[in-house]
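Visitor: I would like the atomic coordinates for the input below:
(one chain, ligands or ions: 1)
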Amino acid sequence: MIARLRADIIAVKERDPACTSSFSALTNYPGLWAVWWHRLTHRLHRSGHVWLARRLSQSVRRATGIEIHPGATIGDRFFIDHGMGVVIGETTVIGDDVTIYQGVTLGGTGKEHGKRHPTLEDFAVIGVGATVLGDIRIGRGTRVGAGAVVVSEVPPNCTVVGIPGRIVVREGKRIDTIDLHHEDLPDPVVEMYRTLQRRMDRIEARLAREEDMSAEAALAPTADARRGKDDDGHPAL
Ligand SMILES: CC(C)(COP(=O)(O)OP(=O)(O)OC[C@H]1O[C@@H](n2cnc3c(N)ncnc32)[C@H](O)[C@@H]1OP(=O)(O)O)[C@@H](O)C(=O)NCCC(=O)NCCS
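Guide: Residues are numbered from 1 along each chain as shown. Predicted structure coming up:
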């Protein structure tokens, strides 16, 4: 347990350059207190003391501005920076080494029952003011940009921004996106023709390559010719 607490403090120091010492992490980081209290309330919740767990979590909310439902499952080294205005719903599942900032909501859409809150895989980062709604999975190492609203699954190692959240970076590569300016709305018919044109270009390039290869094969001398024999196997004159 001591090792786990120490790992939490190290996580704060590693992820917030403004944190100068373990003492500062302990005394100045409400995110750390909220996570520690959550471990207690989660245990109470699981052992059936649902009301007491909720009551305690509401007191923690008053003190820290961070509301974590006691039912939420949270992994190791979870770091909430600044904290104020964070809401984490009952069926949220958070992996290890996840970071979130102030104003983040991990909530339900209001339409689901049972598991209705997000799952954040290891090393996910959720930027300030972002909202992740519903029983969706945010992949390992994925970053949700500040202010985004994410309502559908995001694969690992992506960056998601905007409302609704769209993937702008995947596995380190920029994804081409269309700017949704009102004066410049995308035309689906033109987009379809462009896609068809791109496919035709690819097919033509492939055909040309194959034609070149068969022409080269026709011109290439046969094995018999290379051994000095004609096509019937007789010595070439
Ligand atoms: C999204 C983020 C993680 C950057 O990720 P990245 O993979 O490095 O992405 P980039 O900076 O290359 O940005 C990719 C595109 O998304 C845009 N973008 C970045 N963050 C955005 C945001 N929050 N909202 C909307 N668009 C955003 C960029 O302008 C860029 O657009 P372009 O392709 O048209 O130029 C970062 O901008 C962010 O929002 N971090 C949150 C940090 C935070 O909450 N800090 C709080 C401290 S108190």
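
Visitor: hey, which helix or strand in this protein has the poorest pLDDT?
Guide: Every helix and strand of the chain was ranked by mean pLDDT, DSSP states H and E. The lowest is helix 223-226, at a mean of 57.

Visitor: enumerate the residues of the protein near the ligand.
Guide: Contact residues (Cβ under 6 Å from any ligand atom) of the chain with the ligand: 82, 101, 127-128, 143, 145-147, 159, 161-162, 168-169. For the C-beta atoms, the positions are set from N, CA and C on the backbone; glycine is no exception.

Visitor: recalculate using a threshold of 8 Å.
Guide: 81-82, 101-102, 125-130, 143-148, 159-162, 168-169, 174, 177, 179 (Cβ under 8 Å from any ligand atom).

Visitor: buried ones among those?
Guide: Buried members of the residues of the chain next to the ligand, counted by 16 or more other Cβ atoms under 10 Å: 81-82, 101-102, 125-127, 129-130, 143-145, 148, 159-161, 168-169.

Visitor: those residues in strands, which ones?
Guide: The members of those that map onto strands under DSSP state E are Val125, Ile126, Arg143, Val144, Thr159, Val160, Val161, Val168, Val169.

Visitor: show me the contacts for the residue nearest to the last one when sequence neighbours are not counted.
Guide: In other words, Val169. Nearest non-adjacent residue to Val169, counting by Cβ to Cβ, 6 or more residues apart in numbering: Thr159, 3.9 Å away. Shown in contact with Thr159 (Cβ atoms under 8 Å, 6 or more residues apart in numbering): Thr142, Arg143, Gly145, Ile167, Val168, Val169, Arg170.

Visitor: do that again at 6 Å, thanks
Guide: Listed by Cβ atoms under 6 Å, 6 or more residues apart in numbering, the contact set of Thr159 reads Arg143, Val168, Val169.

Visitor: and which of those is nearest Leu32?
Guide: Arg143 (21.8 Å; Cβ to Cβ).
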